[in-house]
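# please work out how this folds:
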Amino acid sequence: MKLHVASGSGNRFAYAIESEDFQLKDGPRWAQALKEHPAQVDGFFLLSPYRPGQSWVMTHWDTDGAETFCSNGTRAALALLQIPHAEVVSCCSNQEQVFLKKDTEGVALNFSVDDRMGLFNVSLDLPYPYRYGFIGNPQLIILMDVIVPFDLHHWAPPLRHHKIFPNGTNVNIVQMIRPGEARIRSYERGVERETACCGTGCAVAGAWLTEMTECTSWKFHTAQEPVHITLSSIQAGRWDNLWLSGPIRVEEAIEIELS
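Residues are numbered from 1 along each chain as shown. Sure thing, here's the model as predicted:
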C-alpha cells in the first residue's frame with residue numbers, strides 16, 4: 001500500500017486517507033509497521049477526506065501504536081491539500097480542535113484553549129529550572145545553559161517514565177540565547193528517541209519563556225529547521241492565542257504492507 005509522506009520542521013510522517021483499505025481500527029498496526037521502516041517516519045496519520053467549511057478530522061499514532069496529538073504532523077498534513085493561501089482550516093486532530101493556515105514560514109497552527117491546557121508546577125529533583133505543561137500532550141521543559149553537547153538519549157528516559165507523570169511525558173531541554181531566541185532538543189514518548197523537532201514542546205517552551213521574560217515571539221533553533229512561537233499573553237500559566245509556525249514539505253511516498 002502506498003502512503004503519502006510529509007514533513008514539518010524536519011519531523012516526517014506517513015499519511016493515508018480513510019477508506020476501505022485504511023480504517024481507524026487498523027491505525028495502531030500501520031503505525032507499528034512503520035517503526036522499522038527505512039523511511040524513518042515519526043508517526044502515522046489517518047485523514048478524513050477534506051471538505052471545505054467542515055472540520056478536517058485526523059488521527060495520529062506514534063510508532064509504538066499509541067494515539068496522541070501531534071502538532072507538527074497536523075501542520076504537515078496541510079501540505080497534502082491544495083487550498084488558497086489565506087484560507088483558515090478548522091481541524092480536529094486527535095480530538096484537539098486547532099486551526100491551520102499557510103504563512104510566510106510555511107504552515108501555522110493555533111492551539112485550542114481549555115481548562116486542561118497550561119503550565120503547572122510539579123516536584124522533581126533536578127539541578128536545572130524546569131516547568132511542566134499540557135498542550136494536548138504532556139511536556140516537561142528544562143532550562144540549561146548549554147544543550148549541545150548533552151547526552152539526551154540516556155538522560156531523558158528516566159524523566160519520560162517518571163512516576164509523577166502517569167501517562168509519561170515528552171522531555172525538552174532548552175537554551176535561551178536571548179529574549180526571543182532559543183535552542184531546543186526533544187525526546188518524544190511513543191517514538192522513544194530524540195526527534196528533529198517537537199512542535200508542542202516548542203510551544204510550551206515558548207509559553208514558559210514568555211512567562212519569564214514577557215517576550216511574546218520566539219524563534220526556536222531545532223535539530224533541523226527553526227520554528228516560531230507567538231502568543232498574545234500568559235497569565236497564571238494560561239496562554240492566549242498560541243501559534244506554532246514552521247516549514248512543511250511533501251516528500252516521496254512509501255510502500256508498506258501489513259503482515
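
# which stretches in the stretch 1-150 of the chain count as strands?
2-8, 11-17, 43-47, 56-62, 89-93, 96-103, 106-110, 118-120, 130-134, 138-143 (DSSP state E, counting those that start in this stretch).

# quick one: the helices in the stretch 151-259 of the chain?
For the stretch 151-259 of the chain, the helices defined by DSSP state H, counting those that start in this stretch cover 152-160, 199-213.

# columns mean pLDDT and mean neighbour count on top of those, output as TSV?
C-beta here means a position set from N, CA and C on the backbone, and glycine is covered the same way. Formatted as TSV, these follow (pLDDT from 0 to 100; neighbours: other C-beta atoms under 10 Å):
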stretch	mean pLDDT	mean neighbour count
helix 152-160	98	15
helix 199-213	99	25
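
# closest to Glu225 out of the ones you listed?
Of all those, it is helix 199-213 that lies closest to Glu225, at 11.5 Å by C-beta to C-beta.

# show the pLDDT at the residue lying closest to Gly136 once chain neighbours are set aside.
In space, and not counting its chain neighbours, Gly136 is closest to Phe69: 3.8 Å by C-beta to C-beta, 6 or more residues apart in numbering. You'll see Phe69 listed with a pLDDT of 98.

# which residues sit in contact with Phe69?
Contact partners of Phe69, counting by C-beta atoms under 8 Å, 6 or more residues apart in numbering, are His60, Ser93, Asn94, Gln95, Glu96, Gly136, Asn137, Thr200.

# so which of those residues would you say is closest to Pro226?
Thr200 (16.0 Å).

# identify the residues contacting stretch 83-92?
With contact meaning C-beta under 8 Å, 6+ apart, stretch 83-92 is reached by 50, 52, 54-58, 74, 77-78, 81, 97-102.

# go again using 10 Å as the cut-off
Contact partners of stretch 83-92, identified using C-beta atoms under 10 Å, 6 or more residues apart in numbering, comprise 47-48, 50, 52-59, 74-75, 77-78, 81, 97-104, 107-110, 112.
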